[in-house]
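Chemist: the sequence and its predicted three-dimensional model are supplied below.
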Protein chains: 2
Amino acid sequence: MIAIAILGHGVVGSGVAEVLRNNAEGIAAKAGQSIEVRRILDLRAFPDLPYADLFTTRFEDVLEDADIRIVVETMGGLHPAYDYVKACLLAGKSVVTSNKELVAAAGDELLAIARENNLNFLFEASVGGGIPILRPLDQCLAANEVFEIAGILNGTTNFMLSKMIHENMSFEGALSLAQKLGYAERDPSADIEGHDACRKICILASLAFGKHVHPEEVHTEGITNISSEDVRYAAACGGVIKLVGRATQTEDGHVICLVAPMILPADNLLADVDDVFNGIMVRGDNVGDVVFVGRGAGKLPTASAVVADVIDEVKHLQARKYLFWGAGEEGYVRDYRLAPAKMLLRFSCQKDAGALVQIGRVFGDVRMISIPDAPEDEVAFITPCMPEYLLTEKIDAFTGMTLIKSLRLFLVDGIEQM
Amino acid sequence: MIAIAILGHGVVGSGVAEVLRNNAEGIAAKAGQSIEVRRILDLRAFPDLPYADLFTTRFEDVLEDADIRIVVETMGGLHPAYDYVKACLLAGKSVVTSNKELVAAAGDELLAIARENNLNFLFEASVGGGIPILRPLDQCLAANEVFEIAGILNGTTNFMLSKMIHENMSFEGALSLAQKLGYAERDPSADIEGHDACRKICILASLAFGKHVHPEEVHTEGITNISSEDVRYAAACGGVIKLVGRATQTEDGHVICLVAPMILPADNLLADVDDVFNGIMVRGDNVGDVVFVGRGAGKLPTASAVVADVIDEVKHLQARKYLFWGAGEEGYVRDYRLAPAKMLLRFSCQKDAGALVQIGRVFGDVRMISIPDAPEDEVAFITPCMPEYLLTEKIDAFTGMTLIKSLRLFLVDGIEQM
């Protein structure tokens, strides 16, 4: 029998307790011994729960209990989660967390402390909820040089975009439905402004390429300005809009990382990942493209990923798991505008010969795109592929035309797929 | 440094040697030490290779070399692969294999020998080529009770069906194209008759449910009688035909396993898995549905999965991996005809009132399906859902009508998705 503690009894924490109880027998068989929740830290009391006696409001009750070898952190947020996790590792306890904010902010530091103390620090649930992605990335693809990761990493925004795409909902309508169904929080900014997806692509990029990528180094755009017109323009291009997090390794060993709405071709596997599902594509030199799809959030999917990590730590109380990355040096994350881009541009202008000539002169070979009910004074086209900073320069050089919206096409290896 | 041997220098074996050479540095970092190929067993000589001196035709050169701690088997076929693998395990060497025929036939026995000798026997590459599936199934989903696995497990037939669906090719045309491109062998029977997919679903079912499922216990249908008309009927149903391997756990702890062409609804994630790609759906009680997609075959994808196993065994020379299943008892695999089924039935008959009345009387509430250019004397419909043996009885009871074709719909939990 091994004793563990759970920090936080919210959605994920209570799910962890539930999974450990409901699947106790199978879990003990997998882990080689039974797992007992000794303590649950929460400021609230839950007197009606069958395990009400496990609750404590004092972190010291966890930290100072030498029997507790593994601590599960599901509180979320940076503080006090960071302080508690660090203290547990320094006290010789292995840690499992589902806290993407924590891992994206301080993964390198916490992994280093875990390694120094011959402990494990695992966080499969921090990306993709219940989808096994970090462990396959680290282990199964160990024989590959991974050079690109791209994914739909946020279920809330994917649900909203799915409603906008397939049911012609407005952004506002989709958001209030998501809130009604409990997919979006009252303050949805972390989701709809892309910060949640950003944290996840940071964790994936850190693990895949071996050096920490911090969220503040990653250009992040959300879906707040995506309109029904954009959705119809994307359809006219032969694609769908998804909020994509993407990280690519450059040939000289740097990384380029970006979170933004992008137009994916309809036949791309990620284009079919709808509703609250997440999908993550990993590209390796030997394996080619591998895609992982599943529920990226939710109590039990996330809890099952946490418990799988707990099982793995029980099995590796002596031998460390090798999952690791180091700190990234100054300039490791390159300016995303250096990467090749191809955009759908919507301009408001007088639709005369002069405007069309200017488009051809500035951009060269464009593909005009139209939707049936576009305003009279709107012109839209897909640009050729070029480094994004060049595209921006060309857009700025336009005269007499106002940019309504620019949307990136989803490129793989800089190659358009549509 | 750790010494390994490779048995067989065909497509996969030569790929393993190539990946180990090309990614040597990254692999050594992941494994914690460098990996040296000491011997390659093949009846042929390869005098022009830079590592020509490693070849031997004598298995004893591998078996009796105590330095060789890990043996990679990529010969394929049951004999002598089985004998060699068993001998290696008994001699204290861990084994990695890509040989699905071997694992499907004798996985339980070889796993038991590995366990008795405190060794590892890993075979990630035997299912889904480079897609990480067995390890995620075993580890990441450890906190789930997995109750269903369904997948497109054979790239050759999936390529052929994709051509038939999207390019209106005939079965014969698709087969000869697959042969021309090297996706199908000269004798394609193992692929097109479903035996390859059968071996893979046996391995998946054995691992997921803990007891060995033998290929000869699994009802297996291939795609040899799938016609262009079937493809168009599937489209008229709102779906596509895929060769699916499926295993479900019954409530009393038995397993039902089947390989057959099925009609998947167009919005199912597996329906979009085209060409030589494989897709595997795993359903767990906590995580819900998780789907893994990637190239299911090919030299480098498969080799990268083999090498990932080798790395894992290098890291676990002392501690065993827990991947394991036992022998299955008599009657463990249930008759697939007990499972609920729903079929598209195509009959040849006089299309008069009598025929339609008979259909209603025998089957109850059916959904008629038609395609534009169907023969005059053909009637097609989707049956209600019922145990398959009842469906068969009803079909047999029909008079004056000849069954042209029956095609199962892809049900999840016995529930139609269309």
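Modeler: Received the coordinates, thanks.
Chemist: report how many residues lie close to A:T224.
Modeler: Neighbours of A:T224 under the rule other CB atoms under 10 Å in any protein chain shown: 14. Any C-beta I mention is one placed from the backbone N, CA and C, and that applies to glycine too.
Chemist: and if you look at the one 4 residues further on?
Modeler: Residues within reach of A:S228, counting by other CB under 10 Å, total 15.
Chemist: could you do the one 3 residues further on as well?
Modeler: Here the number of neighbours of A:V231 (other CB under 10 Å) works out to 22.
Chemist: how close does it get to A:I395?
Modeler: 22 Å (CB to CB, to the nearest Å).
Chemist: and A:F147, what helix or strand is that in?
Modeler: Per DSSP states H and E, A:F147 falls inside strand A:146-152.
Chemist: which neighbours does that strand have in its sheet, and in what orientation?
Modeler: The strands beside strand A:146-152 in its sheet (DSSP bridges) come out as strand A:239-249 (antiparallel), strand A:277-284 (antiparallel).
Chemist: up against chain B, what does the stretch 301-418 of chain A have?
Modeler: Proximity of the stretch 301-418 of chain A to chain B, by CB under 8 Å from any CB of the partner chain, involves residues A:301, A:303-308, A:310-312, A:315, A:318-319, A:322.
Chemist: buried residues, stretch A:3-12. List them.
Modeler: A:I4, A:A5, A:I6, A:L7, A:G8, A:H9, A:V11, A:V12 (16 or more other CB atoms under 10 Å in any protein chain shown).
Chemist: please disregard the earlier target; I meant stretch A:368-387.
Modeler: In stretch A:368-387, counting by 16+ other CB under 10 Å, buried: A:I369, A:I371, A:A374, A:E378, A:V379, A:A380, A:F381, A:I382, A:T383, A:P384, A:C385, A:M386.
Chemist: pLDDT-wise, what's the bottom of the residues you listed?
Modeler: In terms of pLDDT, the lowest of the buried residues of stretch A:368-387 is A:A374, showing 88.
Chemist: that residue should be in a strand, yeah?
Modeler: No: assessed with DSSP: H, G, I helix; E, B strand; the rest coil, A:A374 is coil; it does not lie in a strand.
Chemist: so of the buried residues of stretch A:3-12, which ones are in helices?
Modeler: A:V11, A:V12 (DSSP state H).
Chemist: closest one to chain B out of the buried residues of stretch A:3-12, please.
Modeler: Lowest distance from chain B to the buried residues of stretch A:3-12 (CB to the nearest CB) belongs to A:V12, with 11.9 Å.
Chemist: for that closest one, give me its contacts.
Modeler: Applying CB atoms under 8 Å, 6 or more residues apart in numbering or on different chains to A:V12 gives the contacts A:T74, A:G76, A:S98, A:A125, A:K299, A:T302, A:A303, A:V306.
Chemist: contacts only, for the third one.
Modeler: Going by CB under 8 Å, 6+ apart, A:S98 touches A:V12, A:E73, A:T74, A:G76, A:F123, A:A125, A:S126, A:T302, A:A305, A:V306.
Chemist: and which of those residues is nearest B:L338?
Modeler: For those, the closest approach to B:L338 (CB to CB) belongs to A:A305, at 33.7 Å.
Chemist: hang on, that closest one packs against A:E124?
Modeler: Yes: here A:A305 reaches A:E124: they are 4.6 Å apart, a contact under CB atoms under 8 Å.
Chemist: between these two, which one's more packed in?
Modeler: The neighbour comparison of A:A305 against A:E124 (other CB under 10 Å) goes to A:A305, with 37 against 29.
Chemist: is the spatially closest residue to the more buried one that is not a sequence neighbour in a helix, a strand, or coil?
Modeler: The shortest distance from A:A305 to any non-neighbouring residue, by CB to CB, 6 or more residues apart in numbering or on different chains, is to A:A125 (3.7 Å). Here A:A125 is helix, with the state taken from three-state DSSP.
Chemist: now do A:A125 against B:R199, distance only.
Modeler: For A:A125, the distance to B:R199 - CB to CB - is 33 Å.
Chemist: please apply the same query to A:K242.
Modeler: The gap separating A:K242 from B:R199 is 36 Å, by CB to CB.
Chemist: from the chain's centre, how far out does the host helix or strand of A:D191 sit?
Modeler: A:D191 is located in helix A:189-192, with elements delineated by DSSP H and E. Put simply, helix A:189-192 sits 12 Å off its chain's centre (CA atoms, centre = their mean, to the nearest Å).
Chemist: after it, which helix or strand is next?
Modeler: Counting by DSSP H and E, what follows helix A:189-192 is helix A:195-209.
Chemist: is chain B contacted by that following helix?
Modeler: No: using CB under 8 Å from any CB, we find that helix A:195-209 stays clear of chain B, coming within 11.3 Å at best.
Chemist: please name every helix or strand in contact with the helix or strand following that helix.
Modeler: Heading C-terminal from helix A:195-209, the first helix or strand you meet, by DSSP H and E, is strand A:219-220. If you count contacts as 3 or more CB pairs under 8 Å, 6 or more residues apart in numbering or on different chains; DSSP states H and E, strand A:219-220 packs onto helix A:195-209, strand A:255-265.
Chemist: strand partners of strand A:219-220, parallel vs antiparallel please.
Modeler: Strand pairing for strand A:219-220, using DSSP bridges, gives strand A:255-265 (parallel).
Chemist: can I get the strand it pairs with as CSV, trimmed to CA atoms?
Modeler: Output of strand A:255-265 as CSV, limited to C-alpha atoms (Å, rounded to 0.1, in the frame of the first residue of the first chain):
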residue,chain,number,x,y,z
VAL,A,255,11.8,27.1,-32.0
ILE,A,256,9.0,29.1,-33.4
CYS,A,257,5.7,29.0,-31.5
LEU,A,258,2.4,30.6,-32.3
VAL,A,259,-1.3,30.4,-31.1
ALA,A,260,-3.8,31.8,-33.5
PRO,A,261,-7.0,31.0,-35.4
MET,A,262,-6.1,29.3,-38.7
ILE,A,263,-7.9,28.0,-41.7
LEU,A,264,-7.4,24.2,-42.0
PRO,A,265,-8.2,22.4,-45.2
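Chemist: next, the buried residues of it.
Modeler: Within strand A:255-265, the residues scored as buried using 16+ other CB under 10 Å are A:V255, A:I256, A:C257, A:L258, A:V259, A:A260, A:P261, A:M262, A:I263, A:L264, A:P265.
Chemist: in a markdown table: these, plus pLDDT.
Modeler: What follows is the buried residues of strand A:255-265, written out as a markdown table (pLDDT from 0 to 100):
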| residue | pLDDT |
| --- | --- |
| A:V255 | 97 |
| A:I256 | 96 |
| A:C257 | 97 |
| A:L258 | 97 |
| A:V259 | 98 |
| A:A260 | 98 |
| A:P261 | 98 |
| A:M262 | 98 |
| A:I263 | 97 |
| A:L264 | 96 |
| A:P265 | 92 |
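Chemist: quick revisit: which ones among the buried residues of stretch A:368-387 map onto strands?
Modeler: Among these, DSSP state E puts A:I369, A:E378, A:V379, A:A380, A:F381, A:I382, A:M386 in strands.
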